[in-house]
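Trainee: Everything below, folded, please.
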Amino acid sequence: MISSDVRNKETALARIKRLASSGLPLEPFARAVLDELHVAIPYSPNRPMVIAGANGTDIFVCPSSDLIALLPAYQHYFLEHPALSGARFGQDGRTLRRVLPRQTVWRHEEMAHPDILKRDGFNAVMRPARWHHLVEVAFIDEGEYAGYAPLWRSEDQKDFAQADYDFLQSAAPHITHGLKLAQLRRNEMEDGRSFKPLENWNAGAILLDEKGKPIALDENARVIFEQMGGLDGVGADGFHLPQIRDALAYISQTLNGIFHDPDSGLSVAGPPVARLYAHWSGIVLKLRGLQMVGADGREYTTVLVERGETAEVRRRQMIARWGLSQREGEVLDLICDNKTGPEIAILVKLSHDTVRKHTSSILAKFGVETRAGAVAAVRDFN
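Mentor: I've put the predicted structure just below:
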């Protein structure tokens with residue numbers, strides 16, 4: 001007999017999959033997901049979600065007014081004075097973007113020092129919120145931070161179980177997909193190292209029928225696919241390319257399973273996202289699917305298409321653009337990862353003095369005076 005816990009997790013995961021591919025706006029989607037996480041893993045009613053926004057800012061979603069009232073104290077202890085918080089690493093956006101992508105599920109002992117209950121930050125923030133121990137799920141897209149949700153339990157609630165961790169591992173990719181869809185649809189293009197959306201190219205859209213056959217596409221998608229088809233010498237219709245046909249078929253089949261397979265539950269199927277498509281010309285595409293119901297009552301699949309480039313192509317462009325040496329390119333990558341001079345020296349196996357010389361050369365070529373200026377130039381590079 002299936003236990004109630006297993007059934008709750010299967011139900012919640014199936015709902016999360018549907019929510020993630022329904023094209024909901026960002027805040028309604030986040031609130032609905034928080035409710036479903038609570039169904040699968042009962043935890044505090046004070047449950048926030050933090051979503052990576054544009055330009056390094058974070059979006060804070062929380063249905064609890066009590067928790068919103070604690071935000072100033074949280075700002076003081078966890079962002080401005082993290083040593084007083086009891087957290088193992090700072091909770092500011094810059095640190096989270098560097099640390100959280102290392103893994104999807106973070107256990108309590110990985111997030112908090114053993115003496116967190118004695119820290120000022122705990123007494124000022126966690127205790128009033130009736131938070132005692134947590135598990136945190138990170139939302140990661142191609143190695144990039146997309147947000148996180150801390151799931152706190154009170155002192156009288158039991159510890160999290162392995163089944164809870166397994167559930168979060170399965171749900172996280174779908175939640176990430178929903179967050180990215182919501183941001184794409186309002187044209188919030190995110191910087192990324194594994195995939196860099198090109199700001200000059202708006203996301204295109206393809207409409208598929210219930211059998212997964214393309215029946216319409218907007219002008220942005222048409223330009224993208226016509227260019228790819230022309231580069232491959234197959235005419236103006238890029239849909240002739242087998243990789244694109246396979247990607248669209250995968251998205252259509254995945255959505256069909258999510259919305260029509262009652263046994264999807266804890267299946268291993270990922271979200272309806274086609275992974276990076278690396279074209280010989282340097283074009284890279286990422287395709288994300290969502291299910292829609294038309295005015296005629298029929299189901300349609302909408303596929304949003306981002307055009308971008310890989311981190312390696314982008315790196316080669318910057319090296320050529322600013323006349324960097326290969327070694328300077330390596331040092332610049334690590335500077336953008338917020339590595340210190342001594343850390344860079346160890347990673348590239350050079351002396352600290354040599355790294356300083358490379359850094360000075362990079363700043364001179366970028367025409368900036370600080371490492372932060374170089375990072376900003378890389379972020380703004382198109």
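Trainee: contacts, neighbours, all on C-alpha from now
Mentor: Fine.
Trainee: And the closest residue to Ile41 other than its chain neighbours, how far from Ser4?
Mentor: With CA to CA, 6 or more residues apart in numbering as the criterion, Ile41 has its nearest non-adjacent residue at 6.4 Å, and that residue is Asp164. Using CA to CA, to the nearest Å, Asp164 is found at 13 Å from Ser4.
Trainee: Please identify which of these two sits among more neighbours.
Mentor: Neighbours were counted for Asp164 and for Ser4 using other CA atoms under 10 Å; Asp164 has more, 19 against 10.
Trainee: Just the CA atoms of the helix or strand containing that one, as PDB, please.
Mentor: Here Asp164, judged by DSSP states H and E, is contained in helix 162-185. Below are the C-alpha coordinates for helix 162-185, written out as PDB (Å, rounded to 0.1, in the frame of the first residue of the first chain):
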ATOM      1  CA  GLN A 162      15.800  11.300   2.600                       C
ATOM      2  CA  ALA A 163      12.500  11.100   0.700                       C
ATOM      3  CA  ASP A 164      12.100  14.900   1.200                       C
ATOM      4  CA  TYR A 165      15.500  15.500  -0.300                       C
ATOM      5  CA  ASP A 166      14.700  13.200  -3.200                       C
ATOM      6  CA  PHE A 167      11.500  15.000  -3.900                       C
ATOM      7  CA  LEU A 168      13.200  18.400  -4.000                       C
ATOM      8  CA  GLN A 169      15.800  17.000  -6.300                       C
ATOM      9  CA  SER A 170      13.100  15.900  -8.700                       C
ATOM     10  CA  ALA A 171      11.000  19.100  -8.400                       C
ATOM     11  CA  ALA A 172      13.800  21.700  -8.700                       C
ATOM     12  CA  PRO A 173      14.400  21.500 -12.500                       C
ATOM     13  CA  HIS A 174      10.600  22.000 -13.200                       C
ATOM     14  CA  ILE A 175      10.400  25.000 -10.800                       C
ATOM     15  CA  THR A 176      13.500  26.400 -12.500                       C
ATOM     16  CA  HIS A 177      11.800  26.000 -15.900                       C
ATOM     17  CA  GLY A 178       8.700  27.800 -14.600                       C
ATOM     18  CA  LEU A 179      10.700  30.700 -13.300                       C
ATOM     19  CA  LYS A 180      12.700  31.100 -16.500                       C
ATOM     20  CA  LEU A 181       9.500  30.900 -18.600                       C
ATOM     21  CA  ALA A 182       7.900  33.700 -16.500                       C
ATOM     22  CA  GLN A 183      11.000  35.900 -16.900                       C
ATOM     23  CA  LEU A 184      11.300  35.200 -20.600                       C
ATOM     24  CA  ARG A 185       7.700  36.200 -21.200                       C
END
